[in-house]
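Undergrad: predicted model and sequence follow; I will ask about them next.
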Amino acid sequence: MTVGDVPAVGTTVHDTSRDRVGVVMGHVGPCYQLRPLGGGREWDVAPGDIRPISPEEVLHARLAVVNARSSNPTR
């Protein structure tokens, strides 16, 4: 993302510092809050560590969540 680009709430992005994909839930101070695609606890990420992802990457990440749930249905 270039400086000045602000991801909208609900946008799926990649956190490059943690190598995780998450959904933007909000923005407080200098950080964004991301939530894992499968739900769970939010985490903070600096704007410089967020990059937009392609529709193919979003599909791949969502499929990984579904596959993980089917492998371990108690999660």
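TA: Perfect, thanks for sending it.

Undergrad: for the closest residue in space to Asp44 that isn't next to it in sequence, give me its contacts.
TA: Closest residue in space to Asp44, ignoring its immediate chain neighbours: Cys31 at 4.2 Å, by CB to CB, 6 or more residues apart in numbering. (Glycine included, C-beta is placed from N, CA and C.) Each residue near Cys31 by CB atoms under 8 Å, 6 or more residues apart in numbering is listed here: 44-47.

Undergrad: neighbour-wise, which of those leads?
TA: Counting neighbours by other CB atoms under 10 Å, Val45 comes out on top of those with 21 neighbours.

Undergrad: measure Ala56 to Thr12 for me?
TA: Heads up, residue 56 is Glu, not Ala. Relative to Thr12, Glu56 is positioned 12 Å away (CB to CB, to the nearest Å).

Undergrad: of those two, which one has the most company?
TA: Thr12 (19 against 8).

Undergrad: for the chain, what's the longest strand?
TA: strand 20-28 (DSSP state E).

Undergrad: what packs against it?
TA: Other elements packing on strand 20-28 under the criterion 3 or more CB pairs under 8 Å, 6 or more residues apart in numbering; DSSP states H and E are strand 12-15, strand 31-36, strand 43-45, helix 55-71.

Undergrad: may I have the beta-bridge partners of the residue nearest to Asp44?
TA: Val28 (DSSP bridges).

Undergrad: can you check the pLDDT for it?
TA: Confidence at Cys31, expressed as pLDDT, is 94.

Undergrad: same check, this time on Val3
TA: 48.

Undergrad: likewise for Ala68?
TA: 88.

Undergrad: from Cys31, how far off is Arg51?
TA: Taken as CB to CB, the span from Arg51 to Cys31 is 15 Å.

Undergrad: of all the helices and strands packed on strand 20-28, which lies closest to Val6?
TA: For Val6, the closest of the helices and strands packed on strand 20-28 is strand 31-36, at 9.0 Å, according to CB to CB.

Undergrad: run the chain-centre distance for that closest one.
TA: Strand 31-36 sits 7 Å away from the centroid of its parent chain (CA atoms, centre = their mean, to the nearest Å).
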